[in-house]
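In: structure of the sequence below:
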Amino acid sequence: MTKEKAILVVQRSWWNYFWHFFFFFLIVPPFIAITKRFSLRLYIFKNRLVLERGILSRHVKELFLSDIRTVDIKQTFPQRIVGIGSLMIATAGTSGYEFAVKGIPDPVGVMGKINSLRGK
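Out: Numbering: from 1, shown residues only. Reported below is the predicted structural model:
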């Protein structure tokens, strides 16, 4: 990635891992929750989105805002209560979703930010 400053950096919410910490007496669930949370970042720049996955290995996917066809949000009732959801982005080049990010905080706000940048 370049040294360009991101407009917004999105990580999964801690609420996405509620059950991992609810059973905190087990060592494994909190460890899984911490590693999963820090293994995904969505960077929003002026003209592109960058999805970075992984801790030890890294997978980076870049998508230009001009290529975006739709931005969808999926929230269950409990997710709406705590303010998290899934963000799915489709492009004209693929039949499915190019990006699918689960458990991000304020998905409606992130979608609004992406759509406002697309409109420029």
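
In: didn't Phe21 look like it was pressed against Ala33?
Out: Yes. With contact defined as Cβ atoms under 8 Å, Phe21 counts as touching Ala33 (6.5 Å). Heads up, the C-betas are built off the backbone N, CA and C, glycines and all.

In: intersection of neighbour lists for those two?
Out: Common neighbours of Phe21 and Ala33 are listed as Trp14 (criterion: Cβ atoms under 8 Å, 6 or more residues apart in numbering).

In: which one's more surrounded, these two?
Out: Taking neighbours as other Cβ atoms under 10 Å, Phe21 and Ala33 compare with Ala33 leading, 19 against 13.

In: and the residue nearest in space to the middle of the chain, how far is that from Lys3?
Out: Taking Cα atoms, centre = their mean, the centroid of the chain lies closest to Val101, which sits 4.0 Å from it. Distance check for Val101 against Lys3: by Cβ to Cβ, to the nearest Å, it reads 24 Å.

In: and for Gln79?
Out: Noted for Gln79: a distance of 35 Å to Lys3, by Cβ to Cβ.

In: kindly report the same for Leu42.
Out: Distance of Leu42 to Lys3, given as Cβ to Cβ: 18 Å.

In: sorry, back to before: beta partners of the residue nearest to the centre of the chain?
Out: For Val101, the beta-bridge partners under DSSP bridges are Leu87.

In: residue contacts, it?
Out: Counting by Cβ under 8 Å, 6+ apart, Val101 touches 10, 12, 40, 42, 51, 86-88.

In: neighbours of the nearest residue to Asp106 once chain neighbours are set aside, how many?
Out: For Asp106, ignoring the flanking residues on the chain, the nearest one in space by Cβ to Cβ, 6 or more residues apart in numbering is Gly83 at 6.0 Å. Around Gly83 there are 15 other residues, counting by other Cβ under 10 Å.

In: how many residues are close by Arg12?
Out: 21.

In: likewise for the one 5 residues further on?
Out: Taking other Cβ under 10 Å as the criterion, the count of residues near Tyr17 is 18.

In: all the strands of the protein, residue numbers only.
Out: Taking DSSP state E as the test, the strands found in the chain are 8-10, 40-44, 48-53, 59-64, 68-74, 84-91, 97-105.
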